[in-house]
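J.: fold the following.
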Amino acid sequence: MKVLVIMPTYNEAGNIHKSVDQLFEFNKNVELLIVDDASPDGTGKLADDLAKKDKRISVLHRQGKEGLGAAYIAGFNWAFGKGFDYVVEMDADGSHRAVDLPKLLEVCPSNDLVIGSRYVKGGQTVNWPLHRQWLSRGGNIYARLMLGGKLNDMTAGFRVFDCSFLKKLDLKSINARGYSFQIEMAYRTLRAGGRAAEVPITFVEREIGTSKMSSNIVVEALLLMTKFGIQRLLRIS
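T.: I've put the predicted structure just below:
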């Protein structure tokens, strides 16, 4: 099973070394692609230094901050060209624990999408302020109401895709750039008949740096869910 972990980065100089060290401590047989959006703080240079020391690490430099969705799609296409079987979406800020990844990979052979979920039995969040918890839970409730399906954590960013399934999706038509990308990818997977599973994880709030979450990202996600929800209702009727 050839697995590529994709880590998009933007100003993660304070986190990248620890996140990479922990990834390989618990997952020695995976490879890593760091996708850096020209971080002003030098994250890209640090990533290059790591790649020089470890052949399991590659770096994809992009010309500017184009959003999470565009970074992952670039990473997916890179993985397709290298013959990987599975791609992992994983944050570089330490919020996605490397120790949880083997649990996701364990159930990959029978699924097209595996989500590291905060909102199934055994899942949890650590050090998250109340307003972030309410925002996340509220967003997922709204997603289930508008989009249907039984996934409890459609906004989760820690997930694994089967590359053979991903290739069947029209990635060029995906416009979501922020965290709504995760919602759209989960929705498209279910609509395409993909098999999806949720595995409980512990999500830990970052200790260094600031969250990329903004009001624009929230609005984008709400508009996208509403759009897809209306389209779904029209198909049903």
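J.: ramachandran angles for Val199?
T.: Note on Val199: its backbone torsions stand at phi -120, psi 130 [degrees, to the nearest 10].
J.: wait, is Leu33 part of a strand?
T.: Yes. Secondary structure of Leu33 (DSSP: H, G, I helix; E, B strand; the rest coil): part of a strand.
J.: give the bridge partners for it, please.
T.: Beta-bridge partners of Leu33, counted by DSSP bridges, are Ile6, Ser58.
J.: and it, how far from Asn127?
T.: Distance of Leu33 to Asn127, computed by CB to CB, to the nearest Å: 28 Å. For the C-beta atoms, the positions are set from N, CA and C on the backbone; glycine is no exception.
J.: out of these two, which sits in the busier spot?
T.: Leu33 (24 against 11; other CB atoms under 10 Å).
J.: go ahead and confirm the more buried one touches Asn77.
T.: No. At 10.8 Å, Leu33 does not count as touching Asn77 under the criterion of CB atoms under 8 Å.
J.: could you point out the longest helix in this protein?
T.: Of all the segments of type helix in the chain, defined by DSSP state H, the longest one is helix 215-236.
J.: in that helix, what's buried?
T.: Within helix 215-236, the residues that qualify as buried by neighbour count (16 or more other CB atoms under 10 Å) are 217, 220-222, 224-225, 228-229, 232.
J.: tell me which strands and helices it is in contact with?
T.: helix 130-147, helix 180-191 (3 or more CB pairs under 8 Å, 6 or more residues apart in numbering; DSSP states H and E).
J.: what angle do that helix and helix 180-191 make?
T.: 20 degrees (axes from the mean of the first three to the mean of the last three CA atoms, to 10 degrees).
J.: got the phi/psi numbers for Ser113?
T.: Not Ser; residue 113 is Leu. The phi/psi pair for Leu113 (degrees, to the nearest 10) is phi -140, psi 130.
J.: run through the bridge partners of the nearest residue to Phe158 once chain neighbours are set aside.
T.: Distances taken as CB to CB, 6 or more residues apart in numbering put Gly116 closest to Phe158, at 3.5 Å, once the chain neighbours are dropped. Taking DSSP bridges as the rule, Gly116 bridges to Val199.
J.: wait, Gly116 sits on Gln182?
T.: No. Here Gly116 lies out of contact with Gln182, judged by CB under 8 Å, at a distance of 11.2 Å.
J.: which neighbours do those two share?
T.: Residues touching both Gly116 and Gln182 by CB atoms under 8 Å, 6 or more residues apart in numbering: 156, 159.
J.: part of a strand, is Leu151?
T.: No. Assigned with three-state DSSP, Leu151 falls outside any strand and is coil.
J.: mind listing what it touches?
T.: 115, 117, 143-144, 186, 190, 196, 198.
J.: now do 6 Å
T.: Going by CB atoms under 6 Å, 6 or more residues apart in numbering, Leu151 touches no other residue.
J.: ok, now how distant is it from Arg118?
T.: 12 Å.
J.: which stretches of this protein have low pLDDT?
T.: 209, 211-215, 237 (pLDDT under 70).
J.: how big is the angle separating the longest helix of the chain from helix 130-147?
T.: 20 degrees.
J.: what does helix 215-236 rub up against?
T.: Against helix 215-236 from outside (CB under 6 Å, 6+ apart): 142-143, 146-147, 176, 178-180, 187.
J.: okay then, goodbye and thanks.
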